[in-house]
Every structure is written in C-alpha cells, then in structure tokens.
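>>> Next one to model:
(2 chains)
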Amino acid sequence: MATELGPTPVKGPASGGTPVHHGPKGVGEDNKILSQGKWATWLLAPTVIALGIVIVYPIISAIVMSFQKDAGLDPATGLFTAGGPAGIQNYVNWLGQQCAAPGGGTVACPPGTLGGQFWSATGTTFLFTVITVTFETILGFWMAMIMARTFKGRGLVRAAVLVPWAIPTAVTAQLWLFIFAFEGIANKLFNASILWTGSEWPAKWAVIIADTWKTTPFMALLILAGLQMIPADVYEAAKVDGATAWQRFRLITLPLVKPALMVAILFRTLDALRMFDLPYILTGGANNTTTLSILVINQIRQGFNSAAALSTITFIIIFLVAFIFVRFLGANVVEQSGATGKGKK
Amino acid sequence: MKTPRFLLPAATAGVLALTLTACGGGGGGTTGGGSDAEANLEGRGPITYVQGKDNSNVVRPLLDKWNAAHPDEQVTFKEQTDQADQQHDDLVQNFQAKNENYDVVSVDVVWTAEFAARGWLQPLEGNMAIETDGMLEPTIEAGSYQDKLYTAPVSSDGGILYYRKDLVPEAPKTWDEMMGMCSIAKENNIGCYAGQFKQYEGLTVNASEAINSAGGSVLGEDGKPNLTTPEAEEGLNNLVDAFKNGNIPAEAITYQEEESRRAFQEGKLLFLRNWPYVYNLATTEGSSQVKDVLGMAALPGKDGPGASSLGGHNAAISVYSKNKATALDFVKFLIEEEQQKFFATQGSLAPVLGDLYEDQELVAKLPYLPVLKTSIENAVPRPVSPFYPAVTQAIQENSYAALKGEKSAEQALADMQKSIESAGAGS
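Purely as a prediction, here's the structure:
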C-alpha cells in the first residue's frame, strides 16, 4: 500500500498559500504595500464589475421576477396579459404543491402538472445525489490509489480513467440511452429483457450508473491530488514501526487525504444536486426521475415567474447543503492543520 | 487557514449563482401588441428569415432564387439549431426583446397559439392576407388561433400506418380490424403494433391520435379541455388494452420514432405508426428486412381512416418587423406551388397544397403522397392552446401512467382534464 510520491518536495502545511514575506521591513516597503493595495483595487475592479453584471444582476432580477404572477390569458381577447405582483404566492404554490383552480384560488395540483412534482423532484434529486456521490467516492478512491502507484503504463491508465470525464454529458447520456435501449447492450450482455427507461427503479439505476461512470474520474483526480501531497517518509516510518497495510491506510492515508476528499465530495454533491442532462436525455424525467433542474427548465416554458421562484428555491436548497458541508468541512480543515502544525513545531 | 473557510462558501455561492442566472432570462409577460401589429405594414427592405437547421439544404437555394429577383429586398437566413426546444426558446427570447431583425420566422404548428396569444405574430388578414385556397384544411386550422390566421402553412406532416405486405394482404381500415390481424403477428412470432409511447412529445401525438380517432377530442370548441367523454376513454383504452394483451409489445413503452422504426425495419413488427420519413430509410437501408414488403396506409380509425396528429412548420411575420410588405411577399413566395414542389423533392417535406399530392412527378419520387394526403385531410391539429407546454405535459404524464397500468384510462383522462383546466386558470 505504498503511496507513490511525485517529485514534489516535502512541504509543511503552513507554506500553503501566503506569499507575503515577513522580514525586517522599512518605511519604504510599507509604502510599497500601500500602493500595491491601490493597484490591486484597480486590477480587481473589472472582474468585480463583470461578476456584478453576469451574476449579481441576474440573481436579483430572478428574485424580483419570482414575486410576479405569470402572464394570464384575457378571456375576452385571447391574448396574454401581465400577471402583476404575486407576493409570495409562487413560493407558497411550489412548497404546498398548489395549482390555480379554474374558479380562482388554488387547489392541490392534479397529476400531470409540474406543480405537483416539487417534493418528488426534491426527493429524487437527493436520492441521486446521495447514491451517486457515495459510489463515486468509493470507486474514485480506489482508482486514485491505483493511479498513485508507480507501474508500467501508468500514464496510459491515468489517461484511460479520464476519458469518461472528458466526454460531454449530453453525449454520454445519448450513449447510455443506446446501451439501455431494450435491444441495447445492457440487456444483451445479461440476457435480460429489462425496460431500463420504462419503469421506475431500472430508470433510476440507469441514471445512477451513467452518472457514476461519468464523474468517478473527477473524484479520482481530486483524491489523487490529495494522495500525492502525503510525504512518502511518513509511510516509511510507519513501515519501520511495523504498521500493517490496513493500519497505514486507516491511520495515515485516510486522515491526511481527508481535506482533499471533503472538497471533492462537496464539489460532487453540489454538482449532483443540479443534475440535469443525464436524466433529461435518458428518461425525459419520466418514471420519477425528474430532478429539480429538469422541473425548472420545464417550468420556464410554462411561465417564467413561477420558474424564477422555483430556481430560487433550488438555489436556497443547494446553498443550505453547501453551507452545512462547509461548516462541517471547515471545522475539519482547521482541526487538521492545527494538529499537524503543532506536531511540526 | 481562514482563507479556505471564507472562500469556499463564496465560491460555492458563485457556482450556484450560475445555475440561477440560467433562469434569469425572461422578462415580464407583457403583451398588447395592437399598435405593433398596425405598424410598418408598407415597409420594404432587407429582411431576415429565421428557421431551424436546414438539414436537407432547401432554404438556401430558395433564398438565392428570391434574392436574385429582389435585389433591394434581400432575405438573410438566420439558422437556428436542429433542436425544436431550442428553436422555440430562441424565438421567445427574440420576441420578448422585440427584435426587429426576426422578420419572418418558421414556427412549429404547435407554437402558433402561444405566440399569437402573446401578440408576437402579425395576423394574416386585411392587407396582410394570403391566398389559402387549395391548401389542405387542417393545415389552415393549425395555423389559426381563435379563427384568425396567424401563420402561413409551409410544410405539413401526418402519421402513416406502415405494414408488412407479405403478411397482411390488405391494410386494416379500422382499429378493431387491425387488432383482429394481430393473430397473424403471433403466428409469425413478431410484435403486432407500435407507435411512440415514451413519455415525450411523441406520446402526445400518439395519445391524441387514439383519442381523436375514436371520436373524442382533447380540447372542445371553446378551447376548454373535453376529455371526460366516453369517446376519449374508448380511444385511450384502445392503447391501454393493446399494451395489456400484448398486441403492443411491452418494450414499446420506451420507443421514440427511431426505436420504433428500427424494430419495424428489423422485421419485429407487423404494424407501425410513424412519420413519412420512414419510407425512404426502410426502402433503401441495407439492413432493412422490409424493403420489398413495405405497405403504407392511412391510420386506422373507428370506422374509417383515423385522425392523425398534424405536424409541420408554418411561416409567420413578427409584429416587430420593420419591412412587413417585403415579409409578406416572401411568405407568399414560400407557399407558391413551385417552391412547395421544391420543398417536397429536395427536402421530402409534405406540401400544404392539395393538388401537389396528385402530381405525377412528385408521386413517382415520393410514393407515400396519396396515403399522406388522406392522413393530413383527416388530421386533427394537436390541441391549439396558448398553454400548449402545460397541455402536452398533462397528456404525456397521465397517458403514460395509463399505458403502464398505473391508473385506469378513466382516471388518467380525469387527471388530464384537471391539469389542463388548472393551466388555463392562471389569469
């Protein structure tokens, strides 16, 4: 279980990212720092403005829209008229799965409306996220361990592992659609006649398998980067002390790779929560594979303002997940560096 | 280690924000458009024609022809992607932005009502009227909203029943007759009938056909849903029962156009409902098992030809166009017989002019034309509703559940009815 160490020299964790040199500094240097700060402001300004235009403005605009009613039909002219302010009605409708009733007011959304799918879509999204991220973490870790070793043809293996990640998701989805077709390879291979995209659980598994296949390399890559940061002498020392391979994995590899691992899991989780193309192409959202993103896109065609409310809700859900993660992850990062830092000093 | 703690949430927020911005595109749903529809009726000058990807290269030669004859009123081609959804969204965005450079646009027949109700399309009446004599009636119906013509029919499309001439001597005229012939399929160990039953737009087409062919209708004369009728139930039940007794093979629940075509071409089906494009592939592809035994007929109905769903594309003039006189001339040019013929020969697009279906030259090239004419003449446009996206969603989801046996046809239709009512109740 020897983890190969790249040519990277052994670094203390403190040399992470602060290029500021602390030394005896004179007045001149203070001025230099000040003018550097000014410069930095000017240099950063275009980026900040660009971010404001492409991120802040659309978000605010979307949130404003989400408090507007969707355009309704004027029965007299047959033309659409602007809906006017809606208050929080759009949000209430989504969360309570309420739809407009013919006589005014709202009723529970009947099957066949998008409004009736909010909670099932939320459930599906989280189900996909939990299962795919779990699979991807385990498989990705395993792949990373293999890629980190020195052996003949390592470059080839690394390249091969990355192939699925390099294929655009829409293409991947189309490929898996062929594989999971009734006359497709999946059924031929196992001599089965499963309607992969035609019934609930097979459809869900089809999405999970395709997603795992596609994004495990991403996991593996991030974990590999973490593995290569672990100095080889730690393993050597452990070996000398008589630690078994399992002990070395559990007591050295795991704790040291944990920060990188957590970041990888966070990224994948956020990514999985906004999963769209795979289920959209594989199943079209049928058989309970509609994710929140699919719901948003479908809703855009039926009413922007309601879609804006839904995407704001999605945003908040994902943000909460990210927040919980970062709190949990952040605590770990601090503890980790503190402990090793003390050890080194 | 403060930095990562601070940066991570900020970074994630950024990433998430991008997801959100994707949806920030739409403006309010303001319409009106009365004044826009009055403006620039006499305007002449260069215009732009907007259409999806020109796969069979029919648009460019036509534009060259037009441009040669009209040096002062040149038409530029703006080519969209080949995905219908993307074309739709592109048009919506440009109409919302009141883009005056989208003069003449090609619209899928099912978008007509939505765009018209938004006030984006120039009504083709009065000075802007076009000649519709000689056009097949359903194509005009599909181009109209509330009895006003908004889009000029350019190309049409209808469903065809393909069958195996070697196994069935004569094509079935009615649904019951066809189901009666399914014993032949069983003897030959192949599936009997298939259409497109995956949950997508194709299912709306197939379910509507079943309902219309049995004498029902999705929307009534008043535009309100009209699905809780015995006819509609009989229609949907035709499909449900066929799934249950195996006349439609179980795997057809995963079929889109291509899957069903392949199954038929491989000789695994006795009957197939599909579009005219199958003819060319089934008769020329090397792997096709049905090359010499391909039969074509109108879709079977209750006691005569069934009611196909209507496909096709129409041309519409944007109310924001500055050169509407030129735009109108160009639209008239597109529906002239000569251009219609070119669409048919070069692009295999079904003409909208009835006479062309008897044109010897065309029939020699496209032998399915006589059958297709029957199909289009009996066709019913898919529900003409400004809420079409919600209507098709309601039909797809509920008929899919019924076909899979998760709910009865009666329940599915009741749910469709309620969903469509709710979609129209937003005002």
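>>> Give me the contact list for stretch B:355-364.
Residues from elsewhere that reach stretch B:355-364, judged by CB atoms under 8 Å, 6 or more residues apart in numbering or on different chains: B:134, B:337, B:340, B:341, B:344, B:345, B:351, B:369, B:370, B:372, B:373. Every residue, glycine included, has its C-beta placed from N, CA and C.
>>> how about 10 Å then?
Here stretch B:355-364 makes contact (CB atoms under 10 Å, 6 or more residues apart in numbering or on different chains) with B:134, B:136, B:337, B:340-341, B:343-345, B:350-351, B:353, B:365-366, B:368-374, B:376-377.
>>> Quick check: mean pLDDT of it?
Averaged across stretch B:355-364, the pLDDT comes to 93.
>>> May I have the predicted confidence score for the residue in the stretch 201-350 of chain B positioned nearest to chain A?
Taking CB to the nearest CB, chain A has its nearest neighbour within the stretch 201-350 of chain B at residue B:251, 3.8 Å off. For residue B:251, the model assigns a pLDDT of 94.
>>> mind checking how far the closest residue to it other than its chain neighbours is from residue B:143?
Setting aside the residues directly before and after it, residue B:251 is nearest to residue A:182 in space (CB to CB, 6 or more residues apart in numbering or on different chains), at 3.8 Å. As judged by CB to CB, to the nearest Å, residue A:182 and residue B:143 stand 38 Å apart.
>>> Spatially central residue for chain A, please.
Taking CA atoms, centre = their mean as the criterion, residue A:271 is the residue nearest the geometric centre of chain A, at 1.9 Å.
>>> tell me the contacts of the closest residue to residue B:56 other than its chain neighbours?
Nearest-residue entry for residue B:56: residue B:347, 4.2 Å, with adjacent residues in sequence omitted and distances by CB to CB, 6+ apart. Shown in contact with residue B:347 (CB under 10 Å, 6+ apart): B:54, B:55, B:56, B:57, B:58, B:59, B:155.
>>> which ones among these are found in helices?
Counted as lying in helices by DSSP state H, out of those, are residue B:59.
>>> Among the contacts of residue B:347, which pair sits farthest apart?
B:57 and B:155 (14.8 Å; CB to CB).
>>> more neighbours, those two?
Ranked by neighbour count (other CB atoms under 10 Å in any protein chain shown), residue B:57 and residue B:155 place residue B:155 first, with 24 against 10.
>>> quick one: the more buried one and residue B:344 touch, right?
Yes: the pair residue B:155 / residue B:344 is scored as a contact, 8.5 Å apart, by CB atoms under 10 Å.
>>> residues from the stretch 151-300 of chain A in reach of chain B?
Taking CB under 10 Å from any CB of the partner chain as the contact definition, the stretch 151-300 of chain A meets chain B at A:177-178, A:180-184, A:187, A:193-200, A:203, A:259, A:263, A:266-267, A:269-271, A:273-274, A:276, A:283-287, A:290, A:292-293, A:296-300.
>>> low-scoring stretches of the stretch 301-427 of chain B, by residue?
The stretch 301-427 of chain B contains residues with pLDDT under 70 at B:426-427.
>>> change it to 80
By pLDDT under 80, the low-scoring segments of the stretch 301-427 of chain B are B:425-427.
>>> wait, does stretch A:67-84 make contact with chain B?
Yes: using CB under 10 Å from any CB, stretch A:67-84 reaches chain B at A:68-75, A:77-84.
>>> Which among those count as buried?
Among the residues of stretch A:67-84 next to chain B, those buried by neighbour count (16 or more other CB atoms under 10 Å in any protein chain shown) are A:68, A:69, A:70, A:71, A:72, A:73, A:78, A:79, A:80, A:81, A:82, A:83.
>>> For the first one, which residues are in contact?
For residue A:68, the contacting residues are A:82-87, A:89-90, A:303-306, A:308-309, B:28-29, by CB under 10 Å, 6+ apart.
>>> Break chain B down into its domains, please.
B:38-157+B:310-381, B:160-308+B:384-423 (automatic domain parsing).
>>> Out of those, which gets nearest to residue A:166?
Closest approach to residue A:166 among the domains of chain B (CB to CB): domain B:38-157+B:310-381, 23.0 Å.
>>> Endpoints of that closest one, how far apart?
Start to finish, the residues bounding domain B:38-157+B:310-381 are 29 Å apart (CA to CA, to the nearest Å).
>>> What lies in contact with stretch B:57-76?
Residues outside stretch B:57-76 that contact it (CB under 10 Å, 6+ apart): B:44-54, B:77, B:79, B:101, B:103-104, B:106, B:155, B:323, B:325-327, B:329-330, B:333-334, B:338-339, B:342-349.
>>> among these, which ones are buried?
Applying 16+ other CB under 10 Å to the contacts of stretch B:57-76, the neighbour count classes B:44, B:46-52, B:54, B:103-104, B:106, B:155, B:323, B:325-327, B:329-330, B:333-334, B:339, B:342-344, B:348-349 as buried.
>>> and the contacts of residue A:68, which of them are in helices?
Using DSSP H, the contacts of residue A:68 in helices are A:89, A:90, A:304, A:305, A:306, A:308, A:309.
>>> out of those, what pair is the most spread apart?
For the ones in helices among the contacts of residue A:68, and using CB to CB, no pair is farther apart than A:89 and A:304, which are 14.8 Å apart.
>>> Would you mind telling me which of those two has the busier surroundings?
Higher neighbour count among residue A:89 and residue A:304: residue A:304, with 26 against 19, using other CB under 10 Å.
>>> which bits of the stretch 201-350 of chain B sit near chain A?
For the stretch 201-350 of chain B, the contact set with chain A under CB under 10 Å from any CB comprises B:201, B:203, B:223-224, B:249-256, B:258-259, B:262-263, B:266, B:268.
>>> Local confidence estimate at the residue nearest to residue A:83 when sequence neighbours are not counted?
Spatially, and ignoring its direct neighbours in sequence, residue A:83 is nearest to residue A:69 (2.8 Å; CB to CB, 6+ apart). Listed pLDDT for residue A:69 reads 91.
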